[in-house]
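A.B. asks: Provide a 3D model corresponding to the input given below.
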Amino acid sequence: MQRSSWRWLIAILAVSITLGIPTVRAADPPAVTKTWDIAYASPGDTALRLDLVQPAAAKGPLPAVLVIHGGAWREGGKEENRRLLIDFARRGYAAISPQYRFCPKDTFPAQVQDVKAAVRWLRSNAASLDVDPARIGAMGFSAGAHLALMLGVTGPEDGLDGAVPSGAPSSRVAAVVGFYPPVDLAAPELSEFGRSLVKDFLGASAAEKPGLARKASPLTFVSRGDAPALVFQGTKDSLVPDSQALNFARAMTAAGVPGRVELFVGAEHGFGGDDYTHAMAETFEFFDLYLKGKRTR
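C.D. replies: The predicted model follows:
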C-alpha cells in the first residue's frame, strides 16, 4: 500500500474516534454455563457421569440434545464432545454428553440401556434444568450414532430399557442425527474387522446369535411414528459400508419416517474438513426444524 493510502486510512480512523463513530466489531458469542461429571446412573458396579452445557441467559423451557461419542462401543469419552455441547448451548439448546459402559466387559444391551438412562435423567430433571421434556433429540458418531438411532426407533415395548422404576419417564427422543452409523449388525457386507467389533459388542458373532444381532440393529425397529432421522455417510467408508445408510433410508421410506440420508462421495469413516462443516450446518438446521419448529436458513 502506498504512503498516501496509509495517510488516508489514519485520517479516517482519527475522524471516527473524534466524532464518536462506532467501529464494527464481531459480536461476542452467547455465554454458556458448563457443568462436568454429573452422576446420572449406577448400573452394577459402574458409576456413569455426563457433561452438561446450557445457555446462560436464554429463557426456557429449552430444547435439549444428547451427544453420544463413538469408539466401537469399547472406548472414547464424553469429553470429546465438549466443544460441540458449547456450540449447541450457544444456539439455545441444553446439551449433554454421557458416559456409557464399554464392551467387551459389558455387552449389548448395556450401552443402549445407559444412553436411555441419560435421556430419562434429562427428562426427570427437566424442570430444574429449564428443559422441555417433549423436545429432546440425540446425535452421535459411529457407535454413538448407532446408539442415538436406537433411542429414536425403540421404546419400552422393545425390552431394551433395563430395570426402570415404575413411573419413570420415557427414553424416547424427538429427532436423531447419526454420523456413519452401523444400522444392521448382521449384514454380510460388514468387513472382517467390522464383524470382530460387532462380536465384542454382542458377546458372540452375528452368525452365532443372529437373533441378538437383529435386536441390536436400529434397522430392525424402524416403524411409523419413529423420530425423524438424518444420517450422514461416506461412500468410501471401509468400516461402515454405505449400503447400511441406503438400507436405512429404504426402511424409513417404507415406514413413512421423516428425514433423509446424505452421502458424501469419496468420504471415509470419521470424515472431517468441508464435509464435516457442511454436515454440522445441516445438523443444526435439522434439530432447529424438529425441536424448535423453525428453519434457520
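A.B. asks: List the beta-bridge partners for Ala138.
C.D. replies: On the basis of DSSP bridges, Ala138 is bridged to Leu66, Val176.
A.B. asks: distance between whichever strand or helix holds Asp274 and the chain's centre?
C.D. replies: Assigned by DSSP states H and E, Asp274 belongs to helix 273-287. How far helix 273-287 lies from its chain's middle: 12 Å, per Cα atoms, centre = their mean, to the nearest Å.
A.B. asks: could you give the mean pLDDT of it?
C.D. replies: Helix 273-287 comes out with an average pLDDT of 98.
A.B. asks: OK, contacts around the residue lying closest to Tyr290 once chain neighbours are set aside?
C.D. replies: Distance criterion Cβ to Cβ, 6 or more residues apart in numbering; nearest residue to Tyr290, sequence neighbours excluded, is Ala175 at 3.9 Å. C-beta: built from backbone N, CA, C; applies to glycine. Ala175 makes contact with 137-138, 152, 227-230, 286-287, 290-291 under the criterion Cβ atoms under 8 Å, 6 or more residues apart in numbering.
A.B. asks: rewinding a little: what's next to the helix holding Asp274, contact-wise?
C.D. replies: Contacts of helix 273-287 (Cβ under 8 Å, 6+ apart): 63, 65, 87, 91, 93, 137, 139, 175, 177, 179, 228, 230, 232, 234, 259, 262, 264, 267, 295-297.
A.B. asks: same question, stretch 240-255
C.D. replies: Defining contact as Cβ under 8 Å, 6+ apart, one finds that stretch 240-255 is touched by 142, 149, 180-184, 187, 189-191, 194, 218-219, 222-224, 226, 229, 231, 233-235, 257-261, 263, 269.
A.B. asks: For ChimeraX, write the selection for the buried entries among these.
C.D. replies: Of the contacts of stretch 240-255, the buried ones go into a single ChimeraX selection, burial set by 16 or more other Cβ atoms under 10 Å:
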select :142,149,180,181,182,183,184,187,190,194,218,219,222,226,229,231,233,234,257,259,261,263,269
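A.B. asks: which ones among the contacts of stretch 240-255 are found in helices?
C.D. replies: Taking DSSP state H, the ones among these that sit in helices are 149, 194, 218-219.
A.B. asks: now these in TSV, with pLDDT and distance to Ala41?
C.D. replies: Listed next are the ones in helices among the contacts of stretch 240-255 as TSV, based on pLDDT from 0 to 100; distance: Cβ to Cβ, whole Å:
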residue	pLDDT	distance to Ala41
Leu149	99	20
Gly194	97	29
Pro218	98	22
Leu219	98	27
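A.B. asks: rewinding a little: which one of the contacts of Ala175 sits closest to Ser205?
C.D. replies: The shortest approach to Ser205 among the contacts of Ala175 belongs to Gly152, at 26.4 Å (Cβ to Cβ).
A.B. asks: secondary structure class for that closest one?
C.D. replies: Following DSSP: H, G, I helix; E, B strand; the rest coil, Gly152 is assigned to helix.
A.B. asks: how far away is it from Ala126?
C.D. replies: Separation of Gly152 from Ala126 (Cβ to Cβ, to the nearest Å): 19 Å.
A.B. asks: Comparing the two, which residue is more hemmed in?
C.D. replies: Gly152 (24 against 21; other Cβ atoms under 10 Å).
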